[in-house]
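**Q** okay, sequence plus prediction incoming.
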2 protein chains.
Amino acid sequence: MRDVAIIGVGMNKWGELWEKSLRDIFTEAALKAIDDAGVDHIDAMYVGCMTSGLFIGQEHLASLLSDHLGQGPIPAARVESACCSGGLAVRSAFIDVASGMNDIVLAGGVEKMTDVSGDGATYALATAADQEYEVYHGATFPGLYALMARAHMEKYGTTRKQLAEVAVKNHSNGSKNPLAQFPFETTVDAVLNSVMVADPLTLMDCSPITDGAAAVILCAADKVKNYRNHPAVRIIGSGHATDTIALHSRSDLAYLKSTEKAAAKALKMANKKLSDVNLCEVHDCFTIAEIIVSESLGFFERGQGGPAVEAGETRIGGAIPINTSGGLKSKGHPVGATGVAQVIEATLQLRGEAGKRQVKEARVAMTQNMGGSGGSTLVHVMEVI
Amino acid sequence: MRDVAIIGVGMNKWGELWEKSLRDIFTEAALKAIDDAGVDHIDAMYVGCMTSGLFIGQEHLASLLSDHLGQGPIPAARVESACCSGGLAVRSAFIDVASGMNDIVLAGGVEKMTDVSGDGATYALATAADQEYEVYHGATFPGLYALMARAHMEKYGTTRKQLAEVAVKNHSNGSKNPLAQFPFETTVDAVLNSVMVADPLTLMDCSPITDGAAAVILCAADKVKNYRNHPAVRIIGSGHATDTIALHSRSDLAYLKSTEKAAAKALKMANKKLSDVNLCEVHDCFTIAEIIVSESLGFFERGQGGPAVEAGETRIGGAIPINTSGGLKSKGHPVGATGVAQVIEATLQLRGEAGKRQVKEARVAMTQNMGGSGGSTLVHVMEVI
């Protein structure tokens, strides 16, 4: 397999983008990435999108977007793995370049969620759960993650305050990210006293729905010398694993096996230890998710994720900064774009271009992007050369 | 890139499968392919599906299916390019194996279309067209292909009888395929006198909606010696190209540029000429599609596709047998599965296992799978060693 580098990144300001259609949002981010890379063409592209069919009545998305981007006849493929469709797009582009099929490949992600038609955003998102065994019986994602939170609290004594600390930290980071949907700071009290969504999760424990896109340009490492706009960041590990998408089939609701397995694969490919990782973007669709993920990745012992966030270990400047971008919680969560945006944050940090949220001496970064309640996980490890 | 072989194929009887859910249909085909290959595991899988979100309210499909297949934690990705999602799954698995990422990879396709909820199958399928510029204004696929048919008739004098001859040939072939949805023969008169759908296309010019699945097992060619159930068939060329998905943006409605480009790429990679190809499965979603595709691939001069089918050149025993399986027209068209089933037919023909529809001395086969009205095309070239 050939070595693969990230030579360009681009995303737009995320939020409720009523005046732009999905194709406009995607094209904006893709053109930024192409500009950032300094390339005059791309050979192929992969687009992560969870469900443009249900959100805006449009499938066949990659062809539409390659045309709108002016890249006409190139191979363009949409990939889907629910909320980790973006991470899957990065992996697909990585494999494509590594195989030798193409040299310069765009991996993008997009979702337009706020002006959903049909049965609404909660129904569309619920299609990431098991329809026959979960959704038809009334379960939606706040409820499923509330079950996971209750299991974690029961087993390890995790507190609502610890959950709230995740939101406080991520909003603090996000307040330094000009592209975040909700770049405001918050407090533990504000989180605890916001409206209850699914006990114990309040509104401020939940990531929002968002319109947004993100794109990165990958290039065969031996061709990178032509594109020297920025320090070269390499993808050195890619791990992908699945689990049951129905919660009831799992032996432990308070742990994420797909995350453990994907991380182990990515670190093995990268020939790195977890202790080599200087920062990590994780999938905090709900505050409890960040805590369970931080344990499943192995940063903390099981049950220690809550105390760790409370002690500030995951802040910028802490032992392992998590979600320096603001995470899904503050930056926003256009589901298909999230995994790509994580890779963008990792790249900016490794380049030393993360501004007020820069982690000092960042050499190795990890991203963890997850579908549904953990039925699939993508983990990538990147290093600056 | 490593050489890649097809070591197993499997599909179920296609039709209206009311008693089976999507996961059952897929698993049946996948297990057949695994049995056919004689493997005891798969390393990864790709699933082509156009819109399970709109058809059955289920996304996150690949994780669901890898779990239901008992392959638990393997990497599993869904890919989508409308009606060529199946071809895209084959290409994705091909690139994965060729890259060295995995040795044994399943490429499957599935669609469950007949008990659609929500806005119905015509709406779900129309999401393969440009929603903002075509569908919101009333266009659906029979109408779009009727426009293409009218353009071809006007430009080249193609006749309704020539269109009907495509249906007659494909039903004749399909009557020899025990897995076809509609394995009956038909006549030119029956096609011409069936109910009008979108002038000049009658019901019998249209492929049906279908529940079905198909799967193939790909393997690194240097590992194939362990799996010798059948003659080894190699994928020697893979071509993927896109075009505008809106018809109005094309300079010629009676030609398919994405098909021309994808075929040129696949033949170049395969180091073959079109005259080396002994049979071809093409995307006859409507009878006119087969005629235009046969010209765009280069088997006939522009305008000569109609006369060629009328003269019997595309029958089994003709100069270039097209759609020996019965095609989408007779075999059925579960959109995500179709591209995989084409590769299965090619494999069976190259192995000499196609029974009553066997093409003599078949050494090289081609498949052409297309999304929407040709906004994307996948072409594969296979050879028996």
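**A** Received the coordinates, thanks.
**Q** so where do the helices sit in chain A?
**A** A:22-37, A:52-56, A:61-68, A:85-99, A:121-126, A:141-156, A:160-174, A:188-192, A:257-270, A:287-296, A:305-310, A:327-331, A:335-351 (DSSP state H).
**Q** same list (those) but as a markdown table, adding mean neighbour count.
**A** The way it works is simple: take the backbone N, C-alpha and C, and place the C-beta from them, glycine included. Below are the helices of chain A laid out as a markdown table (neighbours: other C-beta atoms under 10 Å in any protein chain shown):
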| stretch | mean neighbour count |
| --- | --- |
| helix A:22-37 | 22 |
| helix A:52-56 | 27 |
| helix A:61-68 | 28 |
| helix A:85-99 | 30 |
| helix A:121-126 | 20 |
| helix A:141-156 | 20 |
| helix A:160-174 | 25 |
| helix A:188-192 | 17 |
| helix A:257-270 | 23 |
| helix A:287-296 | 28 |
| helix A:305-310 | 24 |
| helix A:327-331 | 31 |
| helix A:335-351 | 30 |
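**Q** which one, of the ones you listed, ends up nearest to B:Ile235?
**A** Among the helices of chain A, the nearest to B:Ile235 by C-beta to C-beta is helix A:85-99 (13.2 Å).
**Q** could I get the helices of chain A in JSON lines, plus columns for mean pLDDT?
**A** Shown next, in JSON lines, are the helices of chain A (pLDDT from 0 to 100):
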{"stretch": "helix A:22-37", "mean pLDDT": "97"}
{"stretch": "helix A:52-56", "mean pLDDT": "95"}
{"stretch": "helix A:61-68", "mean pLDDT": "98"}
{"stretch": "helix A:85-99", "mean pLDDT": "98"}
{"stretch": "helix A:121-126", "mean pLDDT": "93"}
{"stretch": "helix A:141-156", "mean pLDDT": "98"}
{"stretch": "helix A:160-174", "mean pLDDT": "98"}
{"stretch": "helix A:188-192", "mean pLDDT": "98"}
{"stretch": "helix A:257-270", "mean pLDDT": "98"}
{"stretch": "helix A:287-296", "mean pLDDT": "98"}
{"stretch": "helix A:305-310", "mean pLDDT": "98"}
{"stretch": "helix A:327-331", "mean pLDDT": "98"}
{"stretch": "helix A:335-351", "mean pLDDT": "98"}
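**Q** and the ones you listed: which comes nearest B:Ala337?
**A** That would be helix A:52-56 among these, by C-beta to C-beta, at 17.4 Å.
**Q** just checking, what packs against the closest one?
**A** For helix A:52-56, the elements it packs on are strand A:104-111, helix A:121-126, helix B:52-56, judged by 3 or more C-beta pairs under 8 Å, 6 or more residues apart in numbering or on different chains; DSSP states H and E.
**Q** hmm, who's touching the shortest one?
**A** Right, the one you point to is helix B:52-56. The contact list for helix B:52-56, computed with C-beta atoms under 8 Å, 6 or more residues apart in numbering or on different chains, reads A:51, A:53-54, A:59, A:124, A:127, A:131, B:21-22, B:58-59, B:61, B:110-113, B:115-119, B:121, B:123-124, B:127, B:336.
**Q** what about the helices and strands packed on helix A:52-56, which gets the closest to B:Tyr255?
**A** strand A:104-111 (27.7 Å).
**Q** from the chain's centre, how far out does that closest one sit?
**A** Offset of strand A:104-111 from its chain centre (C-alpha atoms, centre = their mean, to the nearest Å): 13 Å.
**Q** so what secondary structure elements neighbour that strand?
**A** Judged by 3+ C-beta pairs under 8 Å, 6+ apart, strand A:104-111 is in contact with helix A:22-37, strand A:44-48, helix A:52-56, helix A:61-68, helix A:85-99, strand A:212-220, helix A:335-351.
**Q** now it: average pLDDT?
**A** The predicted model assigns strand A:104-111 a mean pLDDT of 98.
**Q** quick one: it to helix A:61-68, angle?
**A** Taking axes from the mean of the first three to the mean of the last three C-alpha atoms, to 10 degrees, one finds strand A:104-111 and helix A:61-68 inclined to each other by 110 degrees.
**Q** okay, now the sheet partners of strand A:104-111, with direction.
**A** Counting by DSSP bridges, the strands paired with strand A:104-111 are strand A:44-48 (parallel), strand A:212-220 (antiparallel).
**Q** with just CA atoms, put that strand into CSV.
**A** Output in CSV follows, covering the C-alpha atoms of strand A:104-111 (Å, rounded to 0.1, in the frame of the first residue of the first chain):
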residue,chain,number,x,y,z
ILE,A,104,-5.4,12.9,-5.8
VAL,A,105,-8.8,12.1,-4.2
LEU,A,106,-11.3,14.3,-2.3
ALA,A,107,-13.0,12.9,0.7
GLY,A,108,-16.0,15.0,1.6
GLY,A,109,-19.0,14.8,3.9
VAL,A,110,-22.3,16.7,3.9
GLU,A,111,-25.7,16.8,5.4
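**Q** distance between stretch A:85-96 and the chain's centre?
**A** Mean-position distance between stretch A:85-96 and its chain equals 12 Å (C-alpha atoms, centre = their mean).
**Q** mind checking how far A:Asp24 is from chain B?
**A** 11 Å (C-beta to the nearest C-beta, to the nearest Å).
**Q** and for A:Val79?
**A** Using C-beta to the nearest C-beta, A:Val79 is found at 5 Å from chain B.
**Q** and that residue, how many neighbours does it have?
**A** Neighbour count of A:Val79, defined by other C-beta atoms under 10 Å in any protein chain shown: 30.
**Q** contact partners for the closest residue to it other than its chain neighbours?
**A** The shortest distance from A:Val79 to any non-neighbouring residue, by C-beta to C-beta, 6 or more residues apart in numbering or on different chains, is to A:Leu88 (4.6 Å). By C-beta under 8 Å, 6+ apart, the residues touching A:Leu88 are A:Gly48, A:Val79, A:Glu80, A:Ser81, A:His240, A:Gly339, A:Ser376, A:Leu378, B:Ala77.
**Q** cool, A:Ala149 as well?
**A** A:Thr158, A:Leu163, A:Pro200, A:Leu201, A:Phe286, A:Ile288.
**Q** could I get the strands paired with strand A:104-111 as CSV with mean neighbour count and mean pLDDT?
**A** Output for the strands paired with strand A:104-111, formatted as CSV (neighbours: other C-beta atoms under 10 Å in any protein chain shown; pLDDT from 0 to 100):
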stretch, mean neighbour count, mean pLDDT
strand A:44-48, 31, 98
strand A:212-220, 30, 98
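**Q** run a quick neighbour tally on A:Glu353.
**A** Count around A:Glu353 with other C-beta under 10 Å applied: 12.
**Q** nearest residue to it other than its sequence neighbours?
**A** Excluding the flanking residues, the one nearest A:Glu353 by C-beta to C-beta, 6+ apart is A:His230, at 7.4 Å.
**Q** surely that neighbour touches A:Gly352?
**A** No. At 9.5 Å, A:His230 does not count as touching A:Gly352 under the criterion of C-beta atoms under 8 Å.
**Q** more neighbours: which of these two?
**A** A:His230 (20 against 15).
**Q** now do the same contact list for the residue nearest to A:Arg302 when sequence neighbours are not counted.
**A** Nearest residue to A:Arg302, sequence neighbours excluded (C-beta to C-beta, 6+ apart): A:Glu295, at 5.1 Å. By C-beta under 8 Å, 6+ apart, the contact set of A:Glu295 is A:Tyr255, A:Glu301, A:Arg302, A:Gly303, A:Gln304, A:Gly305.
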